[in-house]
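**Student:** sequence first, predicted coordinates after that:
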Protein chains: 2
Amino acid sequence: MGGRARALLYPGRVTTISFARGAPAPECLPVDELADCARAAVERDGRAVLAYGAGGGYGPLREWVAERHGVEPGRVLLTAGSLQGFVFLAQHLLAQPGQRVLVEGPSYDRPLKILARLGAEVVALPMDDEGLELDALADELRRGGRPAFLYTIPTFQNPSGRTLSRERRLRLVELAREHDLLVLEDDPYGLVRFEGEPAPSLFELADGEAIVYSSSFSKTVAPGLRVGYFVLPEALARPLEEAAVSTYISPSFLPQATVLEFLRRGRFEPNLERVRSLLRVRRDAILLALERELADVAAWNRPQGGYFLWLDLPDGVDAAELLARAHERGVTFVKGSDFFPSGRAGAGSARLAYSFASPQEIGEGVARLAELLPAPARA
Amino acid sequence: MGGRARALLYPGRVTTISFARGAPAPECLPVDELADCARAAVERDGRAVLAYGAGGGYGPLREWVAERHGVEPGRVLLTAGSLQGFVFLAQHLLAQPGQRVLVEGPSYDRPLKILARLGAEVVALPMDDEGLELDALADELRRGGRPAFLYTIPTFQNPSGRTLSRERRLRLVELAREHDLLVLEDDPYGLVRFEGEPAPSLFELADGEAIVYSSSFSKTVAPGLRVGYFVLPEALARPLEEAAVSTYISPSFLPQATVLEFLRRGRFEPNLERVRSLLRVRRDAILLALERELADVAAWNRPQGGYFLWLDLPDGVDAAELLARAHERGVTFVKGSDFFPSGRAGAGSARLAYSFASPQEIGEGVARLAELLPAPARA
């Protein structure tokens, strides 16, 4: 009796396989090294690490990030994950409600919720396999009324896994310049590349002007440390640091100093290489399983890095309805419509995260999904 | 040539003595122990500590706090310092602008700024040496229109160092019940008691109903860890945890797990005893110096714990003007008006924090201040 049949007979025994969690597999976490780095960080600089300090974060890590991005440390804001920084930025830029914000459709769901809460008019621009469609952006910018900002994840996007091509990056920077458009480039996944040549960031292409760059150590070191950062134009650096001060005085320096210790010991690159390998086999496992189980049924992309791919379901299959049945069958994902500001779009699609489950679970999970989808029409 | 005369001759050599910083002296920080606790926390539970998790905080520390306060862990929200929790609570309760919030006059300045930013109508109620004047509260409650909440720091208040008497605590809880008034009891200093018997908290007197209790490990372990907490009524626990999730997904668990390790090792009470001793000598030093230098000039209170005392300046002395001259003279404090929602009140008073400077610096700092004040009228 095969695993799937057993699972149906004894549903209590089915362990749910998650394509929903946008989190690294536990073995990606360098636990022992970070334990030692945490101790060393406090021993090295305890009286600063354990005291109140700058709202913008632990000075020596701000300096490290600043040097990496070629800016003054005062332009770096370290936050408890980059989402916290997104909240500060959005609150500042959307002080008046009803302002327009441009996003990719689909886009990361948490920022969409924050923007909705702040009363923004969120406009989702279409994407294709090369990322954001820039003709649509140009049209939108010509529509008049400068948007508060454009939020984009150009590399290994959450949720689609898509990457903006180099040509489009150049044109996007041009368009932003032409229309005086502030762009927030969120880049948490860029370094988690399995193959292919990286394109320059928008921030690099624009020489750091008019682009807010955000990233974090969540995908390269450990998400639970909550160390994200923003590289800001000078005009935004001070008000956002003030927002941080009036929210939590200063952030917790212990996780930030722990990350810095990890960097100083030269552990960042070797660990990143290890994480890339662990995730690459997962990406390969999901592509193989999809090809085996769903070749003539659904469509998907082949991300060169990151955590996610985007699944287009067969015509007529509703992701919400499929998700309900998938839950019962012991497999989960996030339905595509969660990544659009309006509930209408994305109904026939799903985000599959391959970052968390083991390669074996990934194969089994795709097989469980396939059983719930219509069989391919045989020619 | 005495120290003060030297300082006047060589102003570049004067080290500023701070009565402004509401922070513990560096020797209060148990650096070596926390270094070891941080390592042990990651070694013990690294895969949870370093991963995404519950928005309400690190489970085992929530359980510890919950047990201490006799509630379910789901009612405990751990935040990056308690100010972060104040932001969540105020944003939730003040979703409609223009609502009334009652505070003590004077009150902690950071919450006042947050309330102003959220568009609240902030009403400062008078205090005397026994804390909030409850007749004034009763009058205000009879004025009609239920306030969104009352914010109070009943023990060793910031900024005044005053403590609400036991009788008033009982009456406050009664008034709150009668008028269906939500009370936020902020209690970061309660355990930092040098002498005298502690009064029960409002939370205890009200059996945990209709009182939101907040505290932190900033004054008992280390402020830079940023581990604060809220104990919430059930109706508030879920929306506030949701606010946390949509702001930073989950808080950084490393500082929270480090605090828990410190607690588990039985280091909390011995360290607190040490901190109390270090701060008691500072409180004694400032009282002695004030008596010596300002006995017939100014008035102040004698706090039994905490970080602060409140100085009433001689008639006609404006704290803002004094502060400018004090800066030049190498001593700082926070002017009383910063602790009132309106700029008019508190002009003749100052908050003196004795927590940070050394006992020797405290004596010198008070002497510097005294030189700037009018000499006492000799009878």
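**Tutor:** Alright, I've got the coordinates.
**Student:** and the helices in the stretch 201-350 of chain A?
**Tutor:** In the stretch 201-350 of chain A, the helices defined using DSSP state H, counting those that start in this stretch lie at A:202-205, A:234-248, A:253-264, A:268-294, A:319-329.
**Student:** as CSV, these with distance to B:His69 would be great.
**Tutor:** Bear in mind the C-beta positions are built from the backbone N, C-alpha and C, glycine included. CSV is the format used below for the helices of the stretch 201-350 of chain A (distance: least, Cβ to Cβ, whole Å):
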stretch, distance to B:His69
helix A:202-205, 46
helix A:234-248, 22
helix A:253-264, 25
helix A:268-294, 40
helix A:319-329, 36
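**Student:** can you pull the phi/psi pair for the nearest residue to A:Glu133 once chain neighbours are set aside?
**Tutor:** Among residues not flanking A:Glu133 along the chain, A:Pro126 sits closest, at 4.8 Å (Cβ to Cβ, 6 or more residues apart in numbering or on different chains). Backbone torsions for A:Pro126, taken as degrees, to the nearest 10, come to phi -70, psi 150.
**Student:** which one of the helices of the stretch 201-350 of chain A is the most hemmed in?
**Tutor:** helix A:253-264 (a mean of 27; mean count of other Cβ atoms under 10 Å in any protein chain shown).
**Student:** got the angle for it vs helix B:253-264?
**Tutor:** 120 degrees (axes from the mean of the first three to the mean of the last three Cα atoms, to 10 degrees).
**Student:** the strands in the stretch 101-250 of chain A, which residues?
**Tutor:** Using DSSP state E, counting those that start in this stretch, the strands found in the stretch 101-250 of chain A span residues A:121-128, A:131-132, A:149-152, A:183-186, A:211-216, A:228-231.
**Student:** check which helices and strands the fifth one is in contact with.
**Tutor:** The contact analysis (3 or more Cβ pairs under 8 Å, 6 or more residues apart in numbering or on different chains; DSSP states H and E) places strand A:211-216 against helix A:82-93, strand A:183-186, helix A:202-205, strand A:228-231.
**Student:** same deal with the longest one?
**Tutor:** Under the contact criterion of 3+ Cβ pairs under 8 Å, 6+ apart, strand A:121-128 touches strand A:100-105, helix A:109-117, helix A:134-142.
**Student:** tell me which of those lies nearest to A:Arg265.
**Tutor:** helix A:109-117 (31.9 Å; Cβ to Cβ).
**Student:** any idea how far B:Ala148 is from A:Gly85?
**Tutor:** 28 Å (Cβ to Cβ, to the nearest Å).
**Student:** how about A:Glu209?
**Tutor:** 43 Å.
**Student:** one more: A:Gly119?
**Tutor:** 20 Å.
**Student:** per-residue pLDDT, the residue positioned nearest the centre of chain A?
**Tutor:** Most central in chain A under Cα atoms, centre = their mean is A:Asn158, positioned 4.6 Å from the mean C-alpha point. Note on A:Asn158: pLDDT of 98.
**Student:** could you do A:Phe333 as well?
**Tutor:** 98.
**Student:** wait, isn't it in contact with A:Ser349?
**Tutor:** No: using Cβ atoms under 8 Å, A:Phe333 makes no contact with A:Ser349, being 10.0 Å away.
**Student:** overlap of the contact sets of these two?
**Tutor:** Common neighbours of A:Phe333 and A:Ser349 (criterion: Cβ atoms under 8 Å, 6 or more residues apart in numbering or on different chains): A:Leu311.
**Student:** coming back round to it: closest to B:Ile17 out of the helices and strands packed on strand A:211-216?
**Tutor:** With respect to B:Ile17, and counting by Cβ to Cβ, the nearest of those is helix A:82-93 at 33.8 Å.
**Student:** that older thread, report the contact partners of the nearest residue to the residue nearest to the centre of chain A once chain neighbours are set aside.
**Tutor:** Of all residues not flanking A:Asn158 in the chain, A:Tyr108 sits nearest, at 4.5 Å (Cβ to Cβ, 6+ apart). By Cβ under 8 Å, 6+ apart, the residues touching A:Tyr108 are A:Ile153, A:Asn158, A:Pro159, A:Asp186, A:Phe339.
**Student:** identify the farthest-apart pair in the residues you listed.
**Tutor:** Top of the distance list for the contacts of A:Tyr108 (Cβ to Cβ): A:Asp186 and A:Phe339, 13.8 Å.
**Student:** picking that back up, what about A:Glu209 and B:Ala148, which has more around it?
**Tutor:** B:Ala148 (23 against 10; other Cβ atoms under 10 Å in any protein chain shown).
**Student:** phi, psi of the more buried one?
**Tutor:** Here B:Ala148 shows phi and psi, under degrees, to the nearest 10, equal to phi -60, psi -40.
**Student:** next one: it from chain A, what distance?
**Tutor:** 19 Å (Cβ to the nearest Cβ, to the nearest Å).
**Student:** quick check, stretch A:308-323 touching chain B?
**Tutor:** No: using Cβ under 8 Å from any Cβ of the partner chain, stretch A:308-323 never reaches chain B; the gap is at least 15.4 Å.
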